[in-house]
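[1] Predicted coordinates and the sequence they were generated for:
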There are 2 protein chains.
Amino acid sequence: MSARGRGTRDTDELADRWHSLAIHLLRGLRREDVQAGLTGPRLSALSVIVFGGPVTLGDLAAAEQVKPPTMTRLVSALEREQLVRREKDPDDGRIVRLRATAKGESLLHAGRARRVRRLAAPIGELTAAERGILRQASEILARVVSRLP
Amino acid sequence: MSARGRGTRDTDELADRWHSLAIHLLRGLRREDVQAGLTGPRLSALSVIVFGGPVTLGDLAAAEQVKPPTMTRLVSALEREQLVRREKDPDDGRIVRLRATAKGESLLHAGRARRVRRLAAPIGELTAAERGILRQASEILARVVSRLP
DNA sequence: GTCAGTTAGTTAGCTTTGCTAACAAGTTTG
DNA sequence: CAAACTTGTTAGCAAAGCTAACTAACTGAC
C-alpha cells in the first residue's frame, strides 16, 4: 500500500498523536533531568559516549542528529564537569575522540536510574499485556523515526 | 502488581527506550516545524487554543506543562503574528482569555498538515496491524504520561 | 468599607540548546 | 607543493525554559 493510499486519514491522525505525545513525554521528564545534574541533551550525549566507547565528535553529532557546533558546546560542558575527556587521534590530527571518565559513567548510571524510575513508575502500573504492546510499538516507532525523510 | 514488583528490569528498559525515542522523534521533526513558520512549542500551544476554544493563559500553561512566564512569551509571539487574540474577562479583570484568529486557525491546519505529512510518510508504509499497535500504544502511553509523578 | 492575603499575568534577567557563517588546522590529491 | 576537502571550533543569533519580583484585581475578615 502506498504512503498516501488507503487509511490516509488514520495515518495522519496517528502521526499527529505521536508528535504531541512525544512533546508531553519529554516535558514531563525534564524536571527529573535537571535534578540529575545534567540536562537532557547532555545526558543523551554522555550516554552515547559511555555505551558507544570512544567516538569522534562528528560521529556523535550525527548520532544525536545535531550539527557539529552544537556538539562542540555540549562536549565542552561535559568536559568542564570532568565527565568526558577529549583525546587526540595519533593518526589524524583533526579528529577528537571522546571517552567517558569514571565520574561520567557513574553519573550517567545514577541519572539514568533516577529518570527512568520516574517514567517506570506509571509503566509499572500497566498490565503485562499493555507493556507488551508498548514494547512492540517502540520497535515499530524506532523504525519510523529512522526513516523520517 | 506493584510498580517495583516483578518485571522491574523490563519496565526500566521500556522507560529508557521511550525516553530516547521521544528525543529522537522530536529532533527528526524539528526541521519541519520551522519550515511551517512556527516552532514546536508555539504550534503546540496554538493547537490547544484552536481546538480547546477560549482558554485562560494559566490553564494553557498547565496544559502545556510550562510555567506562566513561559506561556506569556509564547502567547505574545503568537499575538504578534496575529494568530491569537488576548481578550479581557468581563467578570474577572485578572484573567486573560485566548482565542485563535482565522489566520491562526488556517496556519495551524497548514502547519499541522505539513508536519504530519512528514511523519505520516513512514507510518503509511507500515502494515495495518502495525498501525493498530501504534494506536493502542498511543492510548496507553498517553495514560502513562498523564500519571507522571 | 477597608485592609490583608491570594491569584493571574507580566517583566526582567539568566541558562541552555539549536542554528549558520566564518575560520583554523590537518589531510589528501592532482 | 598547491589546491581542495575534512574536522572541529569560534562568534553571534533566536527560541524556550526557569526563578524572582512586580502589578493589578479579587476575596474575606473584621
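    Ah, there it is. Since the structure is predicted, the reported quantities are computational estimates derived from the model, not experimental observations. Numbering: from 1, shown residues only, chains lettered A, B, ... in the order given.

[2] Next one: the helix or strand harbouring A:Glu130, is it in contact with chain B?
    With the criterion set as DSSP states H and E, the secondary-structure element containing A:Glu130 is helix A:128-146. Yes. Part of helix A:128-146 sits close enough to chain B to count as contact by Cβ under 8 Å from any Cβ of the partner chain, namely A:128, A:130-131, A:133-138, A:140-145. The C-beta positions use only the backbone N, C-alpha and C, and glycine is treated the same way.

[3] for A:Arg135, what are its contacts?
    Residues near A:Arg135 by Cβ atoms under 8 Å, 6 or more residues apart in numbering or on different chains: B:Leu14.

[4] And it, what's its pLDDT?
    At A:Arg135 the predicted local distance difference test score is 91.

[5] buried ones in the helix holding A:Glu130?
    A:Glu130, A:Arg131, A:Ile133, A:Leu134, A:Arg135, A:Gln136, A:Ala137, A:Ser138, A:Ile140, A:Leu141, A:Val144, A:Val145 (16 or more other Cβ atoms under 10 Å in any protein chain shown).

[6] my read: the fourth one touches A:Ala128, true?
    No. Contact between A:Leu134 and A:Ala128 fails when scored by Cβ atoms under 8 Å: they sit 10.7 Å apart.

[7] A:Gly104: what's it in contact with?
    The contact partners of A:Gly104, by Cβ under 8 Å, 6+ apart, come to A:Leu46, A:Ile49, A:Val50, A:Leu78, A:Gln82, A:Leu83, A:Val84.

[8] distance of it from A:Ser47?
    Relative to A:Ser47, A:Gly104 is positioned 10 Å away (Cβ to Cβ, to the nearest Å).

[9] what does chain A have sitting close to DNA strand D?
    Counting by Cβ under 7 Å from any atom of the strand, the residues of chain A close to DNA strand D are A:27, A:30, A:56-59, A:68-69, A:71-73, A:75-76, A:86, A:92, A:94-96.

[10] among these, which are in helices?
    By the criterion of DSSP state H, membership of these in helices covers A:Arg27, A:Arg30, A:Leu57, A:Gly58, A:Asp59, A:Pro68, A:Pro69, A:Met71, A:Thr72, A:Arg73, A:Val75, A:Ser76.

[11] So which of the buried residues of helix A:128-146 is the closest to DNA strand D?
    Ranking the buried residues of helix A:128-146 by separation from DNA strand D, with Cβ to the nearest atom of the strand as the measure, puts A:Val145 on top at 20.0 Å.

[12] Tell me how far that closest one lies from B:Leu25.
    In terms of Cβ to Cβ, A:Val145 sits 5 Å off from B:Leu25.

[13] got it, and A:Leu108?
    22 Å.

[14] Return the backbone torsion pair for A:His24.
    Its backbone dihedrals place A:His24 at phi -70, psi -30, with angles given as degrees, to the nearest 10.

[15] Am I right that it is in contact with B:Gln65?
    Yes. Distance between A:His24 and B:Gln65: 6.6 Å, which falls inside the contact criterion (Cβ under 8 Å).

[16] Please say which of these two ends up with more neighbours.
    Neighbour tally, A:His24 and B:Gln65, criterion other Cβ atoms under 10 Å in any protein chain shown: the higher count belongs to A:His24, 20 against 16.

[17] quick one: contacts for that one?
    If a contact means Cβ under 8 Å, 6+ apart, then A:His24 has B:Gln65, B:Val145 as its contacts.

[18] Mind pulling the model confidence for it?
    According to the model's per-residue confidence, A:His24 sits at a pLDDT of 76.

[19] Poorly predicted segments of chain A, please.
    A:1-7, A:9, A:30-36, A:111-116, A:149 (pLDDT under 70).

[20] What residues does the residue positioned nearest the centre of it make contact with?
    Among the residues of chain A, the smallest C-alpha distance to the mean C-alpha position (Cα atoms, centre = their mean) belongs to A:Ser44, namely 4.4 Å. Contacts were defined as Cβ under 8 Å, 6+ apart; by that measure A:Ser44 touches A:Glu64, B:Ser20, B:Ile23.
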